[in-house]
Every structure is written in structure tokens, then in C-alpha cells.
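Asks: Here is my input, please return the structure:
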Amino acid sequence: MISILLILAVSAGIALKFYLKPDNKYITTTLCSLDGKKVKVVFEVTWRRHLLTPATLEGMIAVDRSVYRGRVSDSRGFTEQIGAKFRGDAEIPHFVIWPQQSGEDAFEDYVWLPYAGSGSDTDSFKRICLFVAKDDTLYYGPAENAEEARAVMEQLVNGR
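Replies: From the prediction side, this is the model:
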């Protein structure tokens with residue numbers, strides 16, 4: 001009986017260690033808008049999973065040499081976070097240029113991953129949708145042209 005409990009405890013510990021291990025991503029790719037505008041993007045981000053709160057994404061996204069940094073600072077209460085965890089939500093920040101010259105910069109020049117953590121392939125960065133505020137454009141990829149971008153967009157929207 002004690003040996004079974006010991007085996008279960010060790011197995012649970014190993015599973016927990018793998019579950020909580022940060023998932024680092026370093027990806028360089030080209031994204032394209034639906035009207036054919038291309039950008040080179042570097043993602044150096046980390047998914048962090050937690051037991052009782054939603055997974056969080058933090059790190060850096062570089063878009064055509066502009067570097068944006070993101071870190072989650074959730075203001076929800078603990079019980080709200082537990083609810084979000086069980087709904088499968090993820091905490092995805094707006095990535096901003098840091099340090100900012102003013103507070104207004106955060107609203108004018110940021111990037112955001114609208115589909116990340118939504119059950120799509122964005123959480124693994126196989127398919128990406130990136131919103132760039134300074135030119136008010138959605139970019140999709142990996143894509144080299146508008147046709148490829150449209151195909152990625154349709155896959156993200158339809159959940160395929």
C-alpha cells in the first residue's frame with residue numbers, strides 16, 4: 001500500500017514538473033496582410049502554465065526592427081482567475097515598445113495576438129494572426145502573399 005502511494009506521488013510530481021515547465025518559442029517568420037503587405041517578425045516568447053490560473057504569454061515580438069515587450073499583469077481576483085483557468089482562457093498581453101516615452105504610446109504603438117490561446121494553432125505558432133496598431137493591420141502567417149494570408153485567416157477563424 002505504501003509503495004503504491006509512493007509510486008503515485010512520484011508520478012504526480014513528474015507530471016506536474018512537465019506541466020509547469022515553461023514553453024519557450026523562438027520563431028522568425030514572414031507575415032502578410034490580406035492586401036499583400038509583408039512584415040518580418042521575430043517571436044521570442046514563453047508560455048507559462050499554472051495550476052490554478054490561466055496560462056500566460058510573455059516575452060518579445062520584433063516587427064520590422066521595432067521591438068515590443070509584453071508581460072501579463074492581471075487585475076482579476078483569485079476566484080475569477082480560477083474560473084478563467086477552467087474555461088481554458090489564456091492571458092495574452094498587448095506587447096508595447098519599452099521603455100515608453102509616454103502613457104499614450106501604449107495605445108498608439110502596440111502589437112497583439114488576437115487568436116493566441118484560443119484553441120487555435122497560434123499557441124504553438126503554427127498559424128499566426130498579429131495585430132499591429134500603428135498601421136491598424138492584421139497580419140497572418142506564415143505567409144508570403146495575400147492568398148497565403150487569406151488561407152491562414154480562414155483556418156484560424158474556422159478553427160481548423
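
Asks: count of neighbours near residue 83?
Replies: 13 (other Cβ atoms under 10 Å). (Each C-beta comes from the backbone N, C-alpha and C, glycine too.)

Asks: Could you list the buried residues of the helix or strand hosting it?
Replies: Under the criterion of DSSP states H and E, residue 83 resides in helix 78-87. Within helix 78-87, the residues that count as buried by 16 or more other Cβ atoms under 10 Å are 81, 84-85.

Asks: okay, these in TSV with pLDDT and distance to residue 52 next?
Replies: Formatted as TSV, the buried residues of helix 78-87 follow (pLDDT from 0 to 100; distance: Cβ to Cβ, whole Å):
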residue	pLDDT	distance to residue 52
81	84	7
84	83	10
85	85	6
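
Asks: Helix, strand, or coil at the residue nearest to the spatial centre of the chain?
Replies: Note on the chain: the residue nearest the mean C-alpha position is residue 116, at 4.5 Å, using Cα atoms, centre = their mean. Put simply, residue 116 is coil when judged by DSSP: H, G, I helix; E, B strand; the rest coil.

Asks: Settle this for me: it is touching residue 94, isn't it.
Replies: No. Residue 116 is not in contact with residue 94 according to Cβ atoms under 8 Å; the separation is 11.6 Å.

Asks: after the helix holding residue 83, next one along is what?
Replies: Next along from helix 78-87, by DSSP H and E: strand 90-91.

Asks: Mind giving me the packing neighbours of that following strand?
Replies: strand 55-63 (3 or more Cβ pairs under 8 Å, 6 or more residues apart in numbering; DSSP states H and E).

Asks: Check which element follows the one helix or strand in the chain whose mean pLDDT sits lowest along the chain.
Replies: Lowest by mean pLDDT, DSSP states H and E among the helices and strands of the chain is helix 105-108, with a mean of 67. Using DSSP H and E, the helix or strand that follows helix 105-108 towards the C-terminus is strand 110-112.

Asks: how about the following helix or strand past that following strand as CSV, C-alpha atoms only?
Replies: With elements assigned by DSSP H and E, the helix or strand that comes after strand 110-112 is strand 128-132. Extracted C-alpha coordinates of strand 128-132, given in CSV (Å, rounded to 0.1, in the frame of the first residue of the first chain):
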residue,chain,number,x,y,z
ILE,A,128,-0.3,33.3,-36.5
CYS,A,129,-2.5,36.4,-36.5
LEU,A,130,-0.8,39.6,-35.4
PHE,A,131,-2.5,43.0,-35.0
VAL,A,132,-0.1,45.9,-35.4
